[in-house]
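Engineer: here are the coordinates; sequence isn't available:
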DNA sequence: CAGTGGTCTAGACCACGTG
DNA sequence: ACGTGGTCTAGACCACTGC
């Protein structure tokens, strides 16, 4: 028995099917919003029992790579601004309503990744990145100052775009086939320095929340690094833990 | 057909079994750390197929009410200081190691719930609460100032205890059969006032993270309300989102 | 109506931990 | 060797959606 067969034998069938389905989605064979084949056909195609095919699809569902719609089919997950906000936006106002600040965004600039970017984005030294600066507003008041870094290798030609949508993950998926599946936020409190104070129109020394976020794609590959300085006032950063 | 039968018929069998298992755990019939019956016996007892019994238990697993141990059995979830920290402690140091500050804790005081406590703990007006103050340290340095509020009704006799463990959720479960299944944190940045500055031995105005946490028990009942003021220095509050 | 996912059954055999 | 959970099979019927 070959080693490959040994490994295949040890890995449960439904996980093997799952892995091949992930590969088909990652390759773009089935694009965002498109239906994947019915479970019965997946079972036939991979020569497994219906229950096994279903277990494989269930794993995709729990990873949010696909969405089941009773009576209609199973569809590759597609970002919309709404569920992107519901899934990853953790800022709420005093009435617990999600707040989605909008704002102007600078054209991306190209540069060589610094040490932090290399570490957080797992890049080789001297890799190139795009950087974007955003000033986000809420009710006409400056709310957050953001710096976003993206590996150039994943987002070719981003520098030529001058219309960048506010919902970034939707953009990454639809234009670059980069699917954000997980993010990690790290928070601390800082005092506003002179730059932040000027941009956010507040006094130097005002306490701000600093949010560092790494967004991960398929295979836990980091795809975006972001630092936000937020003047929350009545807003809060909310995290639910189970 | 009666309405009750209508409802029972609509609710899937495995969910009905699940609900009855939850009731048995909530009632204390099966205590923390104790094994629940094997899936085959659950199937016999509730007159369902093994697969249905298994689906019911799987729901308990995903709610973290029980833990499966291959070859041994399925056990009612039991808090240990370790997994309590891993599950709900979101503070890490600059090396991404979890930090678990320890500290002295005042004897609980009894009082009438204020407006905030009534709202956050869903208490009737004039309900009584216990309040605990903690000063937590890290490497011998003051780190966080905490105020904890608990409904007296859920924790009878808490005021007489003078040895309160650091791992609170473990204590709630083992002594009061109150199982914390979910928490919600709300964060903002504040400047240290004179009290906080004195206790934390920092300058007035130092930016602090303020964490408000509500802990929920079975049935989404709020069981603990807490406010922490943290002087993080190199530490960070971390949240993973999927 | 046909086609999809959702539930349920009734087994079989494997993998793991304990005695 | 035994009992547990983990995987897998091969169906059946129900519930929902769209034609």
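Structural biologist: Nice, I can see it. From a predicted model like this one, the values you see are computed outputs, not experimental measurements. Numbers count the residues shown, from 1 in each chain, chains lettered A, B, ... in the order given.

Engineer: make it CA atoms for all contacts and neighbour counts henceforth
Structural biologist: Noted.

Engineer: in chain A, which spans are helices?
Structural biologist: A:3-10, A:13-26, A:39-46, A:50-62, A:81-88, A:115-121, A:168-176, A:194-200 (DSSP state H).

Engineer: in terms of pLDDT, where does residue A:4 sit?
Structural biologist: pLDDT recorded at residue A:4 is 43.

Engineer: returning to what we had before: which one of the helices of chain A lies closest to DNA strand D?
Structural biologist: Judged by CA to the nearest atom of the strand, the one of the helices of chain A that comes nearest to DNA strand D is helix A:13-26, at 3.0 Å.

Engineer: any residue of that closest one up close to DNA strand C?
Structural biologist: No - Helix A:13-26 stays clear of DNA strand C (CA under 7 Å from any atom of the strand), getting no nearer than 11.5 Å.

Engineer: helices and strands around that helix, which ones?
Structural biologist: helix A:50-62 (3 or more CA pairs under 8 Å, 6 or more residues apart in numbering or on different chains; DSSP states H and E).

Engineer: quick check: buried residues in the helix it packs on?
Structural biologist: The neighbour-count check on helix A:50-62 (16 or more other CA atoms under 10 Å in any protein chain shown) flags A:52-61 as buried.

Engineer: kindly report the same for stretch A:224-239.
Structural biologist: Those buried within stretch A:224-239 under the rule 16+ other CA under 10 Å are A:224-232, A:235-239.

Engineer: now do the contacts for residue A:127.
Structural biologist: Shown in contact with residue A:127 (CA atoms under 8 Å, 6 or more residues apart in numbering or on different chains): A:112-113, A:118, A:151-152.

Engineer: and it, how close does it get to residue A:151?
Structural biologist: For residue A:127, the distance to residue A:151 (CA to CA, to the nearest Å) stands at 8 Å.

Engineer: anything in stretch A:70-78 sitting right up against DNA strand C?
Structural biologist: Yes - counting by CA under 7 Å from any atom of the strand, DNA strand C is contacted by stretch A:70-78 at A:70-74.

Engineer: quote the end-to-end distance of that stretch.
Structural biologist: So stretch A:70-78: terminal residues 17 Å apart, CA to CA.

Engineer: quick one, phi/psi of the closest residue to residue A:217 other than its chain neighbours?
Structural biologist: Excluding its sequence neighbours, the residue lying closest to residue A:217 (CA to CA, 6 or more residues apart in numbering or on different chains) is residue A:180, at 4.5 Å. Phi and psi for residue A:180, reported as degrees, to the nearest 10, are phi -80, psi 120.

Engineer: just to check, residue A:180 is in contact with residue A:219?
Structural biologist: No - taking contacts as CA atoms under 8 Å, residue A:180 lies outside contact range of residue A:219: 10.3 Å.

Engineer: okay, the two: which has more neighbours?
Structural biologist: residue A:180 (24 against 8; other CA atoms under 10 Å in any protein chain shown).

Engineer: how much space separates the residue nearest the centre of chain A from residue A:173?
Structural biologist: Central residue of chain A (CA atoms, centre = their mean): residue A:180, 3.0 Å from the mean position. Look at residue A:180 and residue A:173: by CA to CA, they are 8 Å apart.

Engineer: can you pull the poorly scored residue ranges out of chain A?
Structural biologist: A:1-9, A:162-163 (pLDDT under 70).
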